[in-house]
Each structure stands twice: as C-alpha cells, then as structure tokens.
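Participant: Need the 3D shape of this:
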Amino acid sequence: MKKRVLSALLALPMLLTTAPAAYAAEPATQSGGAEIDWPEPTCTVDYKPQSDTVSCEFVEETGDAPAKLVYTIQEGAEGDQVLELSKLADALADTVQYPGDAAQFDIEIHNESGNSYRYKPGSFTLASADTSGMEQSELLPVLGYDGQWIPFRFTSSMVSNQMLKDLFNTSSVNISLEQIVTLYDTLAEEGYDSLTNYFVAWYNKKNSTDYASFDAIMAVAPAFFEDIQKGNAMKFSCTAEQFTELEEAHPEVMRWAYFPSGKGPGDTFQLKWPESGLQTAGYDGWYQSMFAFAFGDDMANLSTSSSGHTSCHERGVGDYMEGTDLWEQTDAYFRGDGQALAPESGSVLSYSGKWALDGPCIRNAYANYEFSFYGSITLEEVGPVTITPVDMTLYIGGESDYWEDFAEEPLPAANSETPEARLPAPHFYVDGGTLTDDQLKELTFHGTGEDGTEKSWKLVPYGGDGEEQATGEDGRKIWDIVSTDPSEPDASCLYFEDPECTISAATDNIEENQSTHLYATVSVGDSNTSGAGNNNLYAMADGQKYNLDYGVGTLTIRSVTNDATGGEPYTFDAIHSAHSTVEAAAGDTAAAETATDGGSNAGVVAPAGTEYTVNGHENWAMVGDEQPSILFDDVLSSYELDGGAESEVGQTMLEKAVIDNADALGLDNPNGRQYESKYFDLVDAGDGNVWVKADRQLVIYWPYPDGITYETAGSYDFDVFHFTGLHREYTTSGEVQAMVNQAAANINNEKGGAASNKTLSLQVEEVVLTEHGIQLIVDQDRYGFSPFVLSWAKKDTGGGDHGGTTYYTLRYESNGGTKYDSERYRRNTLVELDKQPVREGYTFTGWYADKALTEPIDDIRMTSNKTVYAGWERTGVPERLNGDDHFAYIIGRDDGLVHPEATITRAEVATIFFRLLTDEARAEYLTETSPFADVAPDAWYATAVATMEAMGIVEGRAPAVFDPDAPITRGEFAAIAARFDSAPYDGADRFTDIGGHWAAEYINQAAVKGWVEGQPDGSFAPDRSISRAEAMTLVNRVLGRLPETADDLLDGMITWPDNPPDAWYYLAVQEATNSHDYGRKADTVHETWTGLQPVEDWTRYEQ
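Facilitator: I've put the predicted structure just below:
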C-alpha cells in the first residue's frame, strides 16, 4: 500500500494547509479487479514559507510531556512573521487514527525581536486551491481538502447538517425537515426506498458489478468475516492476526473501516456504510455522487476559492470539529477581538493544543493520495506607538511653571537657579499606526518607577477636543501626556546636543549668545539617565500591549544678548486695542500708552480679536491666559563687523549694509547719520519665550533714541530698515555676513516671489512719529520679525530735509497692456495705483509688487525706485455667444464691398449678435414679434431685432421706437456687448467723458473685459457713431477671434477691394467675413486658420 498520511487539523483557530504530492498513487481495485475511479490530484495549494527571522526547534514527546515546537522571533525582525508547523504535522500525523482522535502538543513563541505582534486576522486559514478544469465528481473532495468548507459530522438523521447549511444557506444549525424530505423524495421518485438501496445501485454501476443487496457487497470476503465477531451497528472485533490480514489482504474493505478507540489487536472497528454507519462515516465517492444526483444544479453553490468563503474566514474549521468546546475555548483565547494576548516584545507565549482528525481528509477519502503537510500561523506586527516631542523655537529668558515637579534638569540654563523654568512645556505627536483618534484618547502608558511602584499616563488633546485640538505644520495632532495620578509629574523631555540623543545638552554654546538646536526625547520617569525614564514602559489600547518608540524633536533655542550678562531680556506684554483694524489700532493712544509705559519702552498693540499660534503652526493656538510679548533685543555679537567685540564706530553688519546701499534705499549722507540695530520677535514669555505668531498686522513702537523726545523728534529724519529672514539660527559671523549680503541684494524684494518670514530681503519700512515712540506696522504673514535698523539724523536748519529732497521713479510694467510713462515722486510719497490698463483678450486683475504676481497692491510707498506689474486673466466668451465656431457674421453689401469705414446701423448690429448666438440660446428666445412700431414684420432684420429684444440685449430709443436704420453709437454698442456678461462693474469710471452717461456702467464693464478702448486723450466718445470696422473689432474681441498677423490667414479666403492689407482693420475684417477652422497659438489668445469653410446662409431668418 501507499503510505496513507492523514490530513489533520489543529484544534485551534489555525489550519494546517496540505500540499499534494507531485503524483497520485496507482488506483486501488475491488475484489474481482474492478478499479475505483479516484479523482486525479489536479489542485495546487499556495505555500507560505516560514519567515527567515524565525528559528524553530521541535522537541519530541517524552513521558508526560507532549511534543513541542519552540519558535524564536529573532532580534531585528520586521513586519509580519510566519510560523510554519510542518515539523509538528509530520510528527503527529501517524498518531491520529480516526475521526475525533487527537494528539496533544505544545507551542512556545519566544519574542526577541523588539516588536510586538498579534494574530493576524485570517492567519489560520488554508491556502486557496486551483480547481479550474475539474469535473463535478472531483470537486467536493478538493473543496474538503482546500479549506475545510464541507463538514462531515453527521446527526442521527444521517445527513450532515453543516453541509446542508453551507449548500443551502439555511439559518438553522439543524437540518430542516424540508431538506430531509427533499433528499428522500428525490430518491423515492427514482425508485429507491432508502439510502442503502441507492448505495447498492451506485456501487454496482461504479464497479460494473451486480450485487443484489448490501449484505452481498459485504460478502466480498465472506470467509474472513465469518471469523470476526459482529456486534451492533456493524461493529467488529478482531485479533491481531485478523487485523493484519484485514489491513494487508483486503485494503478495499479496510478503507471503509473506522477505529473509534485505536488501531490494533482486539480493537473494535466499524464498517462505515449507510444507515447505522453514517453517524460516524466520512465522505466517500458515492456520497458525492448522491448529492449531485439529489440536488442537481444546487451543487453550483459550492465555491472553489476559500478566500471569500465565510466558513474559512469567519467560522474557521473549528465549527466542523467534534470537540466544539475546545474550539470555543481556543477561539476566545487566541482570536477574541483580534488583538488580545499577542506575543509582546521580550515575552514567551505558551499554549497547548490538540492535533485532531475530522472532516473529509480521513484515510477512506484519500486512500490513494500521498500528501505532505504544512501549517502556518501568521503574526501581524503591531505598533509600536511612537511618541515624538513637537519641534519648538524659543528665546532664552522665559518663564514656565511646568517643570517644577521634575527632579531631572532637562536643560541646565546659564545663570539661573531654576533652569527648568526657562523652557516651554513640552507637547507631543503620538503615532499609533492603525489606532484611531478615539482609540488614542483611551491609550495609556505604563511603567515601573525607580521605587518599584507602577505608574501610568494618558493622552489629552492639546488645545481641546475635536477641531479645537492643535495640529503641527504637517497636520499631525498634538497631545499632552499627563499622569493618571494628579500627584505625579506628567511626561517631560530630555535634551541632547546630537540627533541620536547620546550627548546630554550643556549650555556652553548658549552662553556665547549663539543659537543652537537641541534634540528632545520623551521622559516619563524619575531619572535623566535615559531617554525613556521608567523601566518596562509600554502602551495599552483595547487590551493590546504596544511597544514604545521615541521620535526626536528639535528644540531651536535663540539667544538674547542680555541673558548672557545676567540681565533681564527685553520683553514687553502685548496690549490689545479696542479697535479691530490695524489702522484704528495704530491710532489707539490709550493702548499705546499702556504698551509703552508712557513711551519709556518698546511696545506692541494688537487689533481686537487678534489670535496667536505657536511656532507659526496655523492650527496650534495659544491656550490659557497667556498673552504674547514683544522681544526687543540688541543684535548678537556675531552681527558685529569683527565678529566679536564692537568695532571703533560700533557698526554692525546690518548698519554697514544700509550705508553701502544708501542710494538704492534713498538715504542721503549715510555716513553722517546715526544707527541703532535691534531684534524684534513675538513670544509667549509665560511659556518659556516660545515663538508665537499673530494672525493680523501689529503696531510696533520703537523708543526714541537717547536725547530725543516726541517734542524734538520733528527735527530729525528717521528711517527704519528691516532685514527679513535673518532669524537667530546663524551662529558664526561668516554665516551672518552671507545672509546679510543676500538680503541687501534684494531690496524691497525686487527679485519677486512670495513674501514670507524666510525671504531674505532689505525692506524700507514706513514710520510714523508718535508721542509713544516711532511707530511701524509689522505683518507676520509677510516678512514677520527679525533684525531692524533705525537710522536718524538732524534735519537741516529751517526744517528741510538735509542734503536736499530725494525723488524716486515709479515704472509701470503692463505686461502687454496699455503702456504708461514712468513717474517721479518725492521720497516716502504714497502713490495710489488707479491706472486701469487694457489688453486684447484679457481682463485686468490689478497691480502687483513683484514679477511673479503674488503680492497684489493698491498703493505703493516710494522709499526707493519701484516697479509695479499688471496682472491679467484670459477673458472668456460669454456663455450665450458662440465662440467655438468661427463663421462669417458679416457678408458685405450688394456692391461687392464691405465698407469698413461706413457707419453701422442699429439693425445691422442686432443682426450680427443674433447670428453669433449659440444654437441653444437662439432657439430659446427665437421670436418674430417685437414691441417696436418701426420694425415691420417683413423687414429683413425683424426676427433678429425681436429675438435680441426678448433676450434683453437690445433696447429701443423710446418704448415703441427702435430706430433700426440709425447709426449705432459707441455707447450703445458697448452696452449690447456688456449685457452678455453678468459681472457688475465696481470702481471709478475708466474714461474721462462718461460720468453721468446712461451707458457708463456698461462702458466700464466692457472696458474691464478688454472689449472696448478709449481715445488717446482718455475719453471714450460714447455718443459718437461707430464704424463697421470698429464694430467688427469689438465683436472679435468679445468672441476671442483674434488672428495676430496676416500669416495666420489662408490663401483662397474672401477678400475685399476696400480692405487693403495695410489698413488698421484688415485682420478684423477678414476674421469677420470668412468662415474657417482654426487652432490656438502658444499664447492661448491668438489663432491661426487651418481651413476654410463655406459662408453660413442666414436668409432663412430674413424672409
């Protein structure tokens, strides 16, 4: 006989997947030589190899100790891990003999990987089998083999309730009476009075025999069975010799044998034939045939892919096992909610199980197959939960009471007995992988303190729940880690000099007034010897343990000059104005009085309603009662010309850059002026001087230099220059000098680009002298805070500017629109940008301060030579006009001429726009009836005028008078064009002579779109008649029908004797009088003709 290895199942929620051998055994035969037609092993099974980071040791059964597999997930393993069970399967296969038999085993999982795992959903299912091309007679054995879909535990009704449940999707665990009746009725209809009779008929057909009864089939070895004692329900007892003879001489009988208690001499065995035998019978070829016969097409309900079948993925094979209690216990133990009792890092997980035999894979079903076995468990890596301190920027010298409960000194600061009070409270990002925000709120952290006590912490959304929770720049939510015991300290940070967090932070570099970057990691313990603090730290969520990882945050520390000498840094609380606009706040003298302490110090006044965010993060708002302060500090020593001690004249690099660029800055006699360099920023002084940002412009007050008061300030010429982008993160003179040079090379951001607090430029600030100091406006959304230079000099006697008056040039770059001459203005003049250029095919969007058109402006302060840039957007075709099809809408007159310089009548204009309607618009409004008495019903233009009046596009000159033959005026034509566009005009008149004119708004509206232009003197002449050429030009602009040169036209087009190529209107007339195909040029405005089309016949509307 071929080796008959039994297919088996673990009595756990994991499946052993079998891989068939590369061949099938030779078919067995019945007595008399009849072959048994076993299906070929045509299915294949995917094999899942064990992870190479898992070692496995098999320990054989010894005494009372069952066989055991010991797995070790090795250090450094990443991702999911597969534990392969073939050693266990091979060892236990021969110990399992019959349905319901089981062998005990143990499994140990040693997790030394540093990761935590849980049992992956679906990890205990068999691989899918490929059953394509198989016959129905082969299908059921394969399905039973490939995923254990078909259960074979039978009830006393002798039919498998679970099989019928899967086949017919019944909701009852037990078989319904209807199903039993269906089975037996089908048999009866075919002349069979029992399953036994059906089996006899099937057996004869299958084996080409002619047995008359069940007993006759049993008589295949009559002499042998005479010596075997027969008990009830076809149970037999045999001696050792009889057993050997049975096994070796009668394999065709042996394959129907069932051994309830063991296999050996004296054991009882049972022949598994119908009626009484079905209670423990397996699933044989005849049974397969019976179901196909009884239920016909319903066999199609059996799926051939385990991947989508609920019995594999939701119930698992335990549903089909005899030991349902064991299944329920193991299911609850291992799977539960899919997260419980996973092997955490450093743990050893042990459990016991049973190797059980059940279902279709018993030896009678596969007597002629040889199988190798493997089973697998897939462990899914969980976590870790990663905690990362949020990056923050601060200035030395702030205060914070957050650290008072901590014994460690996360950052010893210079010249302070309470170093912890100099840093802001830490906040954290928490990455829980697949954990949701709601689960994170329930997440807890656990550890053992140095005193051996258990400690725990929880997460609290920083800033508030829901949308109020603060988020960082990348959108990650910010959390606080607080102790679950209010008497214990919350999570803090430890600080290091290196990103790897190996060198504890010191203050040597900070004492030198330089900026530095420190690296923060989480501390939740009582010691500063490690980044983690307590021992045995882990996180818990929904009963699942997670390892903890610690990300590294960057703490950017910006020094202040006074801190190094033991003095107090210059920070002054912000005061909120009662007014909500910066203009009104600038005039709020009461707020200024409080902010500057009567003008004795620097100050900041914020408009009412100003909100503040931390570190520039848009959604990280300041919380609590803290108010921001203005930091008003000297520049660092690294800004001094010699990089250390002051130079002879006390100049900084900033002041020298101002002097070197005096001409571009409009500064007279720069070497005869005095200078003062200061560094401004906005901080939260109550939270460690962390950097904050206002959402509105702020009013800043700079105290007058020594010896100058508000009363004497008028005798001085003051200028303020802002070096943007130079934050205190450059630690050497070389770095600072390079940044200063870049800023000075970009005066007033003339290089363009969006302004931000990282833009390196040298800006001239507008200043106002007030009784509380020199006032300037700072916008943190544009250039923000950084170093400023104040320059002043006494004016010439007589109150004039010393050195004469300085003028600057304002140049207009119209970018293809109306050209304007440059203009000269006195220094500091505020110029209103009220010019409205026109460009063919475009709509003017306003003036911009930069070439990139990112900074729209309405006015500009002349602090240097300036250029403003016109912005444009492509003008679209009004939706009711046909801009897609370029057909001729002018067809000339009977004399063969087009008469471009003749006037055009009101009827002709109405007809032009009627022809240019979209088909849908024309059909919607088409009518031959108008309210005008002077439009005869049979006039060639009657339909056009009536339709355009119905649309509200044309109007009469009186209620019943259209005046069709009168020349149309420029104002009337502009009104018709403008009525196709619904956008109202809001602004000053664009022409000098339209004020109060009935068509003024229409003219302005059409001018904005670039459809009409004025006269050279700035007028429009609204009441002057318009020529046919002017009308065609305007219509072409409205429709975007714009050839650029004569080269864009085609030979063979219609030409006109009175439209010479050198006429100003040549292209417009040709475009209006020729039907053609076209393509857009690279500028997307102009067109090139690609083909000529016949002229449209409009006479159908002119009868």
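
Participant: List the buried residues for stretch 866-874?
Facilitator: The neighbour-count check on stretch 866-874 (16 or more other Cβ atoms under 10 Å) flags K866, T867, V868, Y869, A870, G871, W872 as buried. (C-beta placed from N, C-alpha, C; glycine too.)

Participant: ok but the fifth one is inside a helix, no?
Facilitator: So that's A870. No: with DSSP: H, G, I helix; E, B strand; the rest coil as the criterion, A870 is assigned strand and is not in a helix.

Participant: correct me, but it touches P837?
Facilitator: Yes: counting by Cβ atoms under 8 Å, A870 does reach P837; the two are 5.3 Å apart.

Participant: Mutual contacts of those two, please.
Facilitator: Common neighbours of A870 and P837, counting by Cβ atoms under 8 Å, 6 or more residues apart in numbering, are Y812, S814, G817, F844.

Participant: returning to what we had before: output the buried residues of stretch 866-874 as a markdown table; include the columns pLDDT.
Facilitator: Formatted as a markdown table, the buried residues of stretch 866-874 follow (pLDDT from 0 to 100):
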| residue | pLDDT |
| --- | --- |
| K866 | 85 |
| T867 | 89 |
| V868 | 91 |
| Y869 | 92 |
| A870 | 91 |
| G871 | 90 |
| W872 | 86 |
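
Participant: Run a quick neighbour tally on D1097.
Facilitator: 9 (other Cβ atoms under 10 Å).

Participant: Confirm for me that G449 is in contact with W457.
Facilitator: No: using Cβ under 8 Å, G449 makes no contact with W457, being 11.8 Å away.

Participant: Give me the more crowded residue out of the two.
Facilitator: Using other Cβ under 10 Å, the more surrounded residue of G449 and W457 is W457, with 24 against 16.

Participant: What's opposite the more buried one in the beta bridge?
Facilitator: W457 forms beta bridges with F445, S483, as assigned by DSSP bridges.

Participant: mind listing what it touches?
Facilitator: Neighbouring residues of W457 by Cβ under 8 Å, 6+ apart: T444, F445, I481, V482, S483, T484, D490, A491, V524.

Participant: Report the contact partners of the third one.
Facilitator: The reference is to I481. I481 sits next to I387, F428, F445, W457, K458, L459, V460, D490, A491, V522, V524 when contact means Cβ under 8 Å, 6+ apart.

Participant: now swap in the second one and tell me
Facilitator: Taking Cβ under 8 Å, 6+ apart, we find F445 in contact with S456, W457, K458, I481, A491, V524, L537, Y538, A539, M540, L548.

Participant: Repeat the analysis, applying 10 Å as the threshold.
Facilitator: Going by Cβ atoms under 10 Å, 6 or more residues apart in numbering, F445 touches 385, 387, 430, 455-459, 481, 483-484, 491, 522, 524, 534, 537-540, 546, 548.

Participant: Compute the distance between it and T471, please.
Facilitator: Distance of F445 to T471, computed by Cβ to Cβ, to the nearest Å: 22 Å.

Participant: Mind splitting this protein into its structural domains?
Facilitator: 9-150+304-382, 170-300, 385-560, 571-794, 807-874, 906-1101 (automatic domain parsing).

Participant: Buried ones among the contacts of I481?
Facilitator: For the contacts of I481, buried by 16+ other Cβ under 10 Å: I387, F428, F445, W457, K458, L459, D490, A491, V522, V524.

Participant: show me the contacts for E711.
Facilitator: For E711, counting by Cβ under 10 Å, 6+ apart, the contacting residues are E771.

Participant: Check for me that it belongs to a helix.
Facilitator: Yes: the assignment for E711 is a helix, going by three-state DSSP.

Participant: Walking through the stretch 851-1000 of the chain, point out its helices one by one.
Facilitator: 906-915, 919-925, 942-950, 970-978, 1000-1008 (DSSP state H, counting those that start in this stretch).

Participant: for the first one, what is the average pLDDT?
Facilitator: When the per-residue pLDDT values of helix 906-915 are averaged, the result is 91.

Participant: Kindly report the same for the third one.
Facilitator: The average of the pLDDT scores along helix 942-950 is 92.

Participant: got it, and the shortest one?
Facilitator: Across helix 919-925, the average pLDDT comes to 90.

Participant: Flag every buried residue along that helix.
Facilitator: Using 16+ other Cβ under 10 Å as the test for burial, helix 919-925 gives A921, R922, Y925.

Participant: With respect to R728, which of those residues is nearest?
Facilitator: Proximity of the buried residues of helix 919-925 to R728 (Cβ to Cβ) peaks at A921, which lies at 64.2 Å.

Participant: Now do the contacts for the closest residue to that closest one other than its chain neighbours.
Facilitator: Among residues not flanking A921 along the chain, R880 sits closest, at 4.2 Å (Cβ to Cβ, 6 or more residues apart in numbering). R880 sits next to 913, 916-918, 920-922, 924-925, 951, 953, 979-981 when contact means Cβ under 10 Å, 6+ apart.

Participant: now R880: how far from L1042?
Facilitator: For R880, the distance to L1042 equals 20 Å [Cβ to Cβ].

Participant: circling back to that earlier point, lowest-confidence one in the contacts of W457?
Facilitator: Note: of those, the lowest pLDDT belongs to V524, at 72.

Participant: dump the residue contacts of that one.
Facilitator: Listed by Cβ under 10 Å, 6+ apart, the contact set of V524 reads 387, 445-447, 449, 455-457, 481, 483, 488-492, 532-534, 537, 548.

Participant: Please report the distance of it from P931.
Facilitator: 86 Å.

Participant: Ok, G383 next?
Facilitator: Counting by Cβ to Cβ, the separation of G383 from P931 is 80 Å.

Participant: Also G432?
Facilitator: 74 Å.

Participant: between these two, which one's more packed in?
Facilitator: G432 (20 against 13).

Participant: thought that one was touching N547?
Facilitator: No: counting by Cβ atoms under 10 Å, G432 does not reach N547; the two are 11.7 Å apart.

Participant: Mutual contacts of those two, please.
Facilitator: Joint contacts of G432 and N547 (Cβ under 10 Å, 6+ apart) are V382, G383, P384, V385, T386, A539.

Participant: give me the number of residues near the second one?
Facilitator: The local packing of G383 (other Cβ under 10 Å) involves 26 other residues.

Participant: residues in contact with it?
Facilitator: 115-118, 342, 344-345, 431-435, 538-539, 541, 544-549.

Participant: Name the SS class of Q763, please.
Facilitator: Quick answer, by three-state DSSP: Q763 is strand.

Participant: Would you agree it is in contact with L726?
Facilitator: No: using Cβ under 10 Å, Q763 is not in contact with L726; the gap is 11.6 Å.

Participant: between those two, what contacts are shared?
Facilitator: In contact with both Q763 and L726: A743, S786, using Cβ under 10 Å, 6+ apart.

Participant: got the buried residues for stretch 785-797?
Facilitator: F785, S786, P787, F788, V789, L790, S791, W792, A793.

Participant: List every C-alpha atom in it, with coordinates, as CSV.
Facilitator: What follows is stretch 785-797, C-alpha atoms only, in CSV (Å, rounded to 0.1, in the frame of the first residue of the first chain):
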residue,chain,number,x,y,z
PHE,A,785,10.1,89.8,12.7
SER,A,786,13.9,89.8,12.5
PRO,A,787,16.6,92.5,12.8
PHE,A,788,15.7,96.1,12.2
VAL,A,789,18.0,99.1,11.8
LEU,A,790,16.9,102.6,12.9
SER,A,791,18.7,105.5,11.2
TRP,A,792,18.4,109.1,12.1
ALA,A,793,20.0,112.5,11.5
LYS,A,794,19.1,116.0,12.4
LYS,A,795,17.4,117.9,9.7
ASP,A,796,18.9,121.0,8.1
THR,A,797,18.3,124.3,9.8
